[in-house]
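# Can you look at this prediction? I've put the sequence above it.
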Amino acid sequence: MKPFIMTVLMLSSIIIMAQQKSISRKQLLKTIIDQNVKSTEIQEITMAAGQGAPEHLHLCPVLGIINSGEAVFQIEGQEKRVLHKGNAFYEPKNVRILHFDNASAKQPLVFTAVYLKEGNEENIKFIK
């Protein structure tokens, strides 16, 4: 009986070790992008407490993720929503972004933006 118990314990240890070394994947965003991407630009952007971005649009699609803080986010024609740390977002090209504002009056908002470019288009165009 002892060899059986030892074998079970060894197999359990191997399984636990394998689980600890496994790669975990969590889907954050899945979207269709109608763009012939020839280059990318990645920026980390920090917005001060209470700061809001003016109404704007992007001349290329933008993917991003909130690194810290919370953002009030609204694309024209969609509901306003709050993005939390770890949330991913997509801003389509040539569509008005009505809100990308720091939701906190006390803490900065930090996010990473990935601009998917066809050529040498500007990253952002302010409307107001």
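In hand now; what should we look at? Numbers count the residues shown, from 1 in each chain.
# Can you show me the strands along the chain?
39-47, 56-57, 62-68, 71-75, 81-83, 88-91, 97-102, 109-117, 125-126 (DSSP state E).
# export those to a markdown table and tack on mean pLDDT?
Converted to a markdown table, these look like this (pLDDT from 0 to 100):
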| stretch | mean pLDDT |
| --- | --- |
| strand 39-47 | 97 |
| strand 56-57 | 97 |
| strand 62-68 | 98 |
| strand 71-75 | 98 |
| strand 81-83 | 98 |
| strand 88-91 | 98 |
| strand 97-102 | 98 |
| strand 109-117 | 97 |
| strand 125-126 | 95 |
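# Which one, of those, ends up nearest to Arg25?
Nearest to Arg25, of all the strands of the chain, is strand 88-91, at 13.4 Å by CB to CB. The way it works is simple: take the backbone N, C-alpha and C, and place the C-beta from them, glycine included.
# any idea how far stretch 24-31 is from the chain center?
Stretch 24-31 sits 10 Å away from the centroid of its parent chain (CA atoms, centre = their mean, to the nearest Å).
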